[in-house]
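In: have a look at this prediction, sequence included:
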Amino acid sequence: MAGNPSKADFNIQKNTVLCSKTNQYLVEDILGCGGYGQVVSCKKLGTDETVAIKVVKQSKYASGKNEMKILKAIREFKSDKSNIVCFLEHFDYQNQFCLALERLDINLHDFIKCKYFVPLDVNEIRVIAQQLLVALNVLKNMGVTHRDIKCDNIMLVDHVLQPLSVKLIDFGLSTRTYNLTNLRFKQPLSYRSPDVILDLPLDEAIDMWGLGCVLSFLYLGRHLFPSGSEYETLSVMIKLLGQPHDTLLTCAFSTDTFFKCVTGEFTHSWLLKTADEYVKDSGEQIVLRRGVYSDLNSLDDLQNMRPQAKDPFEKADLLSFIDLLKQILDINPSRRITPINGLNHEFITMKHLSGATNSPYVTTSYKKMEKHPETEPEVGESTPPGPSQSQTAEESLDSGKNKADKHSLPPVPNSDSAIRMQRRTYFGKQT
């Protein structure tokens, strides 16, 4: 690698033709670049279908192969009912591992940014939440953990033709859930679960935590948890959600980093270190900053972050959303709500809104959900697929659906004053 920088630093250019064994793809645009490599928009020659191709760096080759295996298994397990990006094929191009995927539109973070960080309505958040719960339920039933749930990894299918339709992407860090204890990747702090920070045994509950952080971002237009340091993030979690039980803290490997042990005659308990104590013990310099969490004492206070709803059913819907969010962001991972139970929560089923035929809010809410019908109803946890299913998924390759070219979005705001002006319009004095 070091002796051949041209290959190590290989970049795909426009008008390059990428060839698999059966297809040729003309590169029309560069969609993104990162530590993984590049994502390019391509036209499939012969059909004029538009696809996205993820070109993985040589140093990330193993990650690319892992993503391919996970996506193939998902395709075999649930086909196109998973709200997960459709995988088409994989191939090598000049020693670069390539994944051909359906062409999607824009990720949730950039979408909210284009709206000047003005948040979504609660009945719009429900539509997105339902689709992501379906996706996470598929992964849980397969015994797979995504490990990197965040707004950047959730894409709108087409913000004009299919408003609020989303799909989960980027499975390069995904793994079989039983293998989580052998991995050390940590999500961005704004999405990092307390289980990861405290170094507890991990399972797919970390994905549900990531979902809670996504939903709170859609509601606030800002991240609920700070991203300066793990101590700062954990202290805000404890402020809003309460401290993990002493038994849980005793089992965590990193408790001593953040807590001090207070012993009694026959008992002991844990107390979060002060900022000064943490700095002294860790040597890490931290800056405690103000954020949206500064105005909150619990998640119940989220209802005060919006103008008061005039429709009583809209108010009830907000309270139902907050209840679901509290169950998703349970600081104890064993109590955190599962995807299937989330799908059966009244906020998703809209049971609390049934019969309100005279409410414009309720009518609009039902119309929004009608465009995104739920998959077959489930009432209990499903069992993971058997070995034969997984083997079949590894062996088969199917064709996928391609998306047409996307419509242009409003220009991304690049002025802080413009963002503040838009947010004041929505939040009033809250910002």
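Out: Done, it's in.

In: need the contact list for the spatially closest residue to residue 129 that is not a sequence neighbour.
Out: Leaving aside its sequence neighbours, residue 129 sits nearest to residue 215 (Cβ to Cβ, 6 or more residues apart in numbering; 5.7 Å). Every C-beta, even on glycine, is put in place using the N, C-alpha and C of the backbone. Contact criterion Cβ atoms under 8 Å, 6 or more residues apart in numbering gives 125, 128-129, 321, 325, 328 as the residues in contact with residue 215.

In: change it to 7 Å
Out: Applying Cβ atoms under 7 Å, 6 or more residues apart in numbering to residue 215 gives the contacts 125, 129, 325.

In: helices or strands up against the helix or strand hosting the first one?
Out: Element membership for residue 125 (DSSP states H and E) is helix 122-142. Counting contacts by 3 or more Cβ pairs under 7 Å, 6 or more residues apart in numbering; DSSP states H and E, helix 122-142 is packed against helix 61-78, strand 162-168, helix 205-220, helix 312-328, helix 339-343, helix 346-349, helix 360-370.

In: what pLDDT is listed against the residue of the chain most remote from its centre?
Out: Distance from the C-alpha centroid of the chain, by Cα atoms, centre = their mean, peaks at residue 265 (45.1 Å). We have a pLDDT of 75 for residue 265.

In: what does residue 74 give?
Out: In this model, residue 74 is scored at 92, pLDDT.

In: again, but for residue 300
Out: As predicted, residue 300 sits at a pLDDT of 98.

In: distance check, it against residue 55.
Out: Counting by Cβ to Cβ, to the nearest Å, the separation of residue 300 from residue 55 is 46 Å.

In: okay, these two: which has more neighbours?
Out: The neighbour comparison of residue 300 against residue 55 (other Cβ atoms under 10 Å) goes to residue 55, with 23 against 13.

In: which residues does residue 82 contact?
Out: By Cβ under 7 Å, 6+ apart, the contact set of residue 82 is 74, 134-135, 138.

In: if you set the cut-off to 10 Å instead, what comes out?
Out: The contact partners of residue 82, by Cβ atoms under 10 Å, 6 or more residues apart in numbering, come to 74-75, 131, 134-139, 142, 167-168, 375.

In: now list the buried members of those residues.
Out: Those of these that meet the buried threshold are 74-75, 131, 134-139, 142, 167-168, by 16 or more other Cβ atoms under 10 Å.

In: which of those lies closest to residue 31?
Out: residue 167 (14.9 Å; Cβ to Cβ).

In: okay, now the closest residue to the closest one other than its chain neighbours: neighbour count?
Out: Leaving aside its chain neighbours, residue 167 sits nearest to residue 85 (5.0 Å; criterion: Cβ to Cβ, 6+ apart). Look at residue 85: counted by other Cβ under 10 Å, it has 25 neighbours.

In: ok, now the one 5 residues further on?
Out: The burial metric for residue 90, expressed as a neighbour count using other Cβ under 10 Å, is 22.

In: looking at it now. What's its pLDDT?
Out: Per-residue confidence (pLDDT) for residue 90: 97.

In: and residue 40, what does it touch?
Out: When contacts are counted by Cβ under 10 Å, 6+ apart, residue 40 touches 11-14, 16, 18, 25-33, 51-55, 98.
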